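Asker: Just to be clear, the model below is a prediction. Sequence and coordinates:
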Amino acid sequence: MKILISSAIALGIFFSGCSTKQVDANNNKQKETQSLTQNGSDKTVTNAANTTVIKTVNTKSIYFDFDKYGIRSNMQETATNNSKNIKEYLNQNDSIIAVEGNCDDRGSDEYNYALGLKRAQSVKSTLVANGVEANKIVTKSFGESNPVCTEKTKACWAKNRRVDYSVK
């Protein structure tokens, strides 16, 4: 009898410890950052506590050449336009802009992290040169860990060599 009871308790503990619970991340977890959008429209963010309307700003990614962190000449106008839009946004909102450097998956993790950070710092310098307050900008690197394309082609790698923006 003791063996039967002990077995039942052990099975109960085993199954309760192995149960899974699915959580709807959209309803139960508030996002820490809000990505800047391409169209500048208002965006409604809903979480379990409340609903908030967040004004977004028009930005475009800045793309880089292989193994480079200087802003390409064909990206200068985009970087300048992003600066103007971000400056206007920050004048109306008490936020911090994260400048996020990314790389393709060639090279070591350490090298790509450092290169992503140099790309982010290069874009930050452009933002500051165009009047955005330096203390309103943080830089970070995702290295190769945040790809938008995973194919092993030159076109795909080019899409991953970029800087994006987000609002904190």
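Answerer: Cool, the structure landed.

Asker: for stretch 89-104, which positions count as buried?
Answerer: By 16 or more other CB atoms under 10 Å, the buried positions in stretch 89-104 come out as 89, 90, 95, 97, 98, 99, 100, 101, 102, 103, 104. Heads up, the C-betas are built off the backbone N, CA and C, glycines and all.

Asker: Not counting sequence-adjacent ones, nearest residue to residue 105?
Answerer: Nearest non-adjacent residue to residue 105, counting by CB to CB, 6 or more residues apart in numbering: residue 144, 4.4 Å away.

Asker: And for that neighbour, the neighbour number?
Answerer: Using other CB atoms under 10 Å, residue 144 has 21 other residues around it.

Asker: Also residue 164?
Answerer: When counting by other CB under 10 Å, one arrives at 20 neighbours for residue 164.

Asker: tell me the phi and psi of it?
Answerer: Per-residue torsions, residue 164: phi -110, psi 170 (degrees, to the nearest 10).

Asker: Over to the closest residue to it other than its chain neighbours. Which of the three states is it?
Answerer: Spatial nearest neighbour of residue 164, excluding adjacent residues (CB to CB, 6+ apart): residue 100 at 4.8 Å. Three-state assignment for residue 100 (DSSP: H, G, I helix; E, B strand; the rest coil): strand.

Asker: again with residue 60
Answerer: Going by three-state DSSP: residue 60 is coil.

Asker: circling back: will you turn the buried residues of stretch 89-104 into JSON lines that also has pLDDT and distance to residue 161?
Answerer: Shown next, in JSON lines, are the buried residues of stretch 89-104 (pLDDT from 0 to 100; distance: CB to CB, whole Å):
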{"residue": "89", "pLDDT": "96", "distance to residue 161": "25"}
{"residue": "90", "pLDDT": "96", "distance to residue 161": "26"}
{"residue": "95", "pLDDT": "94", "distance to residue 161": "26"}
{"residue": "97", "pLDDT": "96", "distance to residue 161": "20"}
{"residue": "98", "pLDDT": "96", "distance to residue 161": "18"}
{"residue": "99", "pLDDT": "97", "distance to residue 161": "15"}
{"residue": "100", "pLDDT": "98", "distance to residue 161": "13"}
{"residue": "101", "pLDDT": "98", "distance to residue 161": "9"}
{"residue": "102", "pLDDT": "98", "distance to residue 161": "7"}
{"residue": "103", "pLDDT": "98", "distance to residue 161": "6"}
{"residue": "104", "pLDDT": "97", "distance to residue 161": "6"}
